[in-house]
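Visitor: model this:
(one chain, ligands or ions: 2)
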Amino acid sequence: MERVNKICEHPVWKEQMAQLEELEQKRIFCKHGIEHLLDVARIAYIENLENHIGIDKELIYAAALLHDIGRGLQYTQGIPHDQAGAKLAEEILRDCGFDGEEQQEILDAISSHRDIQSRDCRKLAGVLYRADKRSRMCGFCKASGECNWSEEKKNHQLYV
Ligand SMILES: [Fe+2]
Ligand SMILES: [Fe+2]
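Guide: Residues are numbered from 1 along each chain as shown. Ligands and ions are numbered 1, 2, ... in the order given. Sure, this is the predicted structure:
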């Protein structure tokens, strides 16, 4: 997991995460800090093991740690964070030693992590999509009534 740890030490990742923390300080809805990113990584890895999907652990953690890295640019410049994130992630992945094929798989997953078409997919994109949704504890959230997620999308029960 050396390359995954390198992501968290990368100056672009650190800078974006610090800005995001600042920008989300007063946010009443779901935040996108390290807790969320690790929840997503772990839930995705559990699905990967339980369903024998066979995706490399490092790719799952890399995708999870980077999937919301574009959130700050969404808040400040209005760029959808899946697109902004994929752009930022490209440089980070290259610097952390992921090869071309691995970069492509992770970037595809980041770009499509909000795309309903990923919902039933058995590749990294699908695992990331499902883990991202399952990580949210809507049934325990005080802001659930004001949230723009549809009732159908919200997790009213625990995902186990
Ligand atoms: Fe996201
Ligand atoms: Fe997310």
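Visitor: alpha carbons only for contacts and neighbour counts from here, please
Guide: Noted.
Visitor: Show me where this structure has its helices.
Guide: 2-9, 11-23, 34-50, 57-66, 71-77, 81-95, 100-111, 124-134 (DSSP state H).
Visitor: just checking, what packs against the last one?
Guide: Helix 124-134 sits against helix 34-50, helix 57-66, helix 100-111, with contacts defined as 3 or more CA pairs under 8 Å, 6 or more residues apart in numbering; DSSP states H and E.
Visitor: now those in JSON lines, with mean pLDDT?
Guide: Formatted as JSON lines, those follow (pLDDT from 0 to 100):
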{"stretch": "helix 34-50", "mean pLDDT": "97"}
{"stretch": "helix 57-66", "mean pLDDT": "98"}
{"stretch": "helix 100-111", "mean pLDDT": "97"}
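Visitor: Ignoring the adjacent residues along the chain, who's closest to the residue sitting nearest the centre point of the chain?
Guide: Centroid-nearest residue in the chain, with CA atoms, centre = their mean: His67, separated by 3.3 Å. Once flanking residues are discounted, His67 sits nearest to Ile110: 4.9 Å by CA to CA, 6 or more residues apart in numbering.
Visitor: Report the contact partners of Leu23.
Guide: Residues in contact with Leu23 (CA atoms under 8 Å, 6 or more residues apart in numbering) are Gly72, Tyr75.
Visitor: Got the confidence number for it?
Guide: Looking at Leu23, its pLDDT is 97.
Visitor: Gln77 versus that one, what's the distance?
Guide: Relative to Gln77, Leu23 is positioned 13 Å away (CA to CA, to the nearest Å).
Visitor: Give me the common contacts of these two.
Guide: Applying CA under 8 Å, 6+ apart, one finds that no residue jointly contacts Leu23 and Gln77.
Visitor: Could you tell me the end-to-end distance of stretch 27-41?
Guide: With CA to CA, one end of stretch 27-41 sits 23 Å from the other.
Visitor: for that stretch, which positions count as buried?
Guide: Neighbour-count burial for stretch 27-41, counted by 16 or more other CA atoms under 10 Å, picks out Lys31, His32, Gly33, His36, Leu37, Asp39, Val40, Ala41.
Visitor: And for stretch 74-93?
Guide: Neighbour-count burial for stretch 74-93 flags 74, 80-90, 92-93 (criterion: 16+ other CA under 10 Å).
Visitor: Give me the distance between that stretch and the centre of its chain.
Guide: Averaging C-alpha positions (CA atoms, centre = their mean, to the nearest Å) puts stretch 74-93 12 Å from its chain's average.
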